[in-house]
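Undergrad: Below is the sequence, then the predicted model.
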Amino acid sequence: MKHIKVRKIGNSIGGIFPKEWGLHEGDVLNVRREGNLFILDAQDSAKEQDRQLIEESFADFETKRTVSETEMEELFGKYGWKK
C-alpha cells in the first residue's frame, strides 16, 4: 500500500496519488468515511474514462477511418497477416 502525504494547496489541502493508480486530472473520487478510515471509490471516474474511449472509437466509424479485414490482408499480407 502506498502512503499519501497530505499537503497544503492554496487555502485547501490535498494529496498526490501514485501514477500506477490510473487516475487522471479531473477525476472525481467518491469518499466514504468510517471513523479514521477514508475509502476512495474511483468507479465512476473509470466508467467515464471508458465511455470516452468508446465514443472516440465510434468516431472512427463516423469519419470512415476504419479498415476491413480484406483491406488489412491486402496491406499487410506480405508480413503474414491472416496466414
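TA: Alright, I've got the coordinates.

Undergrad: Buried residues in stretch 18-30, which are they?
TA: Leu23 (16 or more other C-beta atoms under 10 Å). (Glycine included, C-beta is placed from N, CA and C.)

Undergrad: what's the span of that stretch, first residue to last?
TA: 17 Å (C-alpha to C-alpha, to the nearest Å).

Undergrad: Beyond the helix or strand hosting Glu56, next helix or strand please.
TA: Using DSSP states H and E, Glu56 maps to helix 43-62. Next in sequence after helix 43-62, counting helices and strands by DSSP H and E, comes helix 69-76.

Undergrad: what's in contact with that next one?
TA: Val67, Trp81, Lys82 (C-beta atoms under 8 Å, 6 or more residues apart in numbering).

Undergrad: gap between the two ends of stretch 11-19?
TA: Taking C-alpha to C-alpha, stretch 11-19 runs 25 Å from one end to the other.

Undergrad: Okay, buried residues for that stretch please.
TA: Applying 16+ other C-beta under 10 Å to stretch 11-19 flags no residue as buried.

Undergrad: who touches it?
TA: So stretch 11-19 is contacted by Lys2, Ile4, Lys5, Val6, Arg7, Leu23 (C-beta under 8 Å, 6+ apart).
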